[in-house]
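Trainee: fold the stuff below for me.
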Amino acid sequence: MNRVSTYIRQSLQDYYSPQELKTLTMMLCCDVLGFEAIDVYLGKDINLSESKQCELENILARMQKNEPIQYVLGTAMFCGMPFDVAPGVLIPRPETEELVDLIVRENPGSSHILDMGTGSGCIAISLSKKLPEAKVTAWDVSDEALVIARRNNGKLQATVMFEQQDILSYHSDSEAVFDVIVSNPPYITDSERQEMDANVLEWEPAQALFVPDDDPLRFYRRIALLGRKLLRTEGKLYFEINRAYGNETVLMLEETGYKGIRVLKDQFGNTRIVTAYR
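Mentor: I've put the predicted structure just below:
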């Protein structure tokens with residue numbers, strides 16, 4: 001095992017930090033090669049079969065092209081569940097789990113929840129599983145994302161209703177029906193691209209990541225306006241935000257008529273979540 005793990009680290013050392021290499025080596029040894037974690041820790045040396053050696057070579061070649069390990073494996077863990085992912089959807093992040101946990105804590109029991117810009121469905125499906133009495137609806141504009149989200153919904157035995165909707169052009173004359181609206185929309189400005197890693201820039205969908213420098217709150221403003229129509233009185237709005245625009249997001253919500261606005265930090269100490277009442 002020591003020989004295999006050493007080979008993985010040597011193959012990827014020019015592409016990842018030492019800490020990332022440690023995590024990736026464990027994932028490849030356990031999730032792909034089928035070894036026990038204890039064998040990796042103890043450095044047990046095990047020879048690979050020809051097929052496993054070939055599989056490992058193919059994976060390493062893809063990772064050397066900056067392809068994220070989650071896309072290589074086809075899955076990403078979120079809230080303790082395996083979600084199918086592909087380059088058509090964002091890879092779920094740990095800080096987004098905090099958003100889900102907050103909604104679950106603050107909205108026990110039955111409620112009608114809308115997830116705007118669902119991607120892989122990770123937020124909506126996790127809420128459906130953690131709040132089984134809730135009715136969860138999820139929107140996305142992308143055909144590819146909805147295919148993946150619906151597949152995850154079936155695989156994880158959730159009950160989310162998915163709809164193809166464009167947040168920026170959606171108009172509704174219907175009565176307010178939602179108790180909660182949640183969104184993790186595109187929020188990275190174009191000028192922030194230079195600070196991002198290649199495995200994000202070259203592989204994850206730009207449509208789900210970026211907004212213009214001159215309109216960083218494009219999606220938040222639109223969702224807030226829709227929330228004034230779609231949320232019931234005292235209904236709640238939950239955003240994951242760009243840490244650089246917390247104050248601007250609060251001001252926009254105040255101007256749009258929301259109250260009880262809170263700004264929360266994530267586990268890394270970054271301003272990450274904004275909540276408000278209609």
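Trainee: doesn't N152 fall inside a helix?
Mentor: Yes: N152: assigned to a helix according to DSSP: H, G, I helix; E, B strand; the rest coil.
Trainee: what sits against it?
Mentor: Applying Cβ atoms under 8 Å, 6 or more residues apart in numbering, we find N152 in contact with 83-84, 120-122, 125, 158. Just so you know, the C-beta spots here come from the backbone N, C-alpha and C atoms, and that holds for glycine as well.
Trainee: likewise R218?
Mentor: Going by Cβ under 8 Å, 6+ apart, R218 touches 168, 186, 211-212.
Trainee: which parts of the protein are helices?
Mentor: Using DSSP state H, the helices of the chain run over residues 2-12, 18-27, 37-42, 50-63, 69-73, 94-106, 122-130, 143-155, 198-201, 218-230, 246-256.
Trainee: now render those helices as a markdown table, adding mean pLDDT.
Mentor: As requested, the helices of the chain are exported to a markdown table (pLDDT from 0 to 100):
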| stretch | mean pLDDT |
| --- | --- |
| helix 2-12 | 89 |
| helix 18-27 | 91 |
| helix 37-42 | 79 |
| helix 50-63 | 94 |
| helix 69-73 | 94 |
| helix 94-106 | 96 |
| helix 122-130 | 98 |
| helix 143-155 | 97 |
| helix 198-201 | 86 |
| helix 218-230 | 96 |
| helix 246-256 | 97 |
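Trainee: in this structure V85 contacts T75, no?
Mentor: Yes: counting by Cβ atoms under 8 Å, T75 is a contact partner of V85 at 6.5 Å.
Trainee: those two: who's more crowded?
Mentor: Higher neighbour count among V85 and T75: V85, with 24 against 17, using other Cβ atoms under 10 Å.
Trainee: how many neighbours does D143 have?
Mentor: Considering only other Cβ under 10 Å, D143 is surrounded by 9 other residues.
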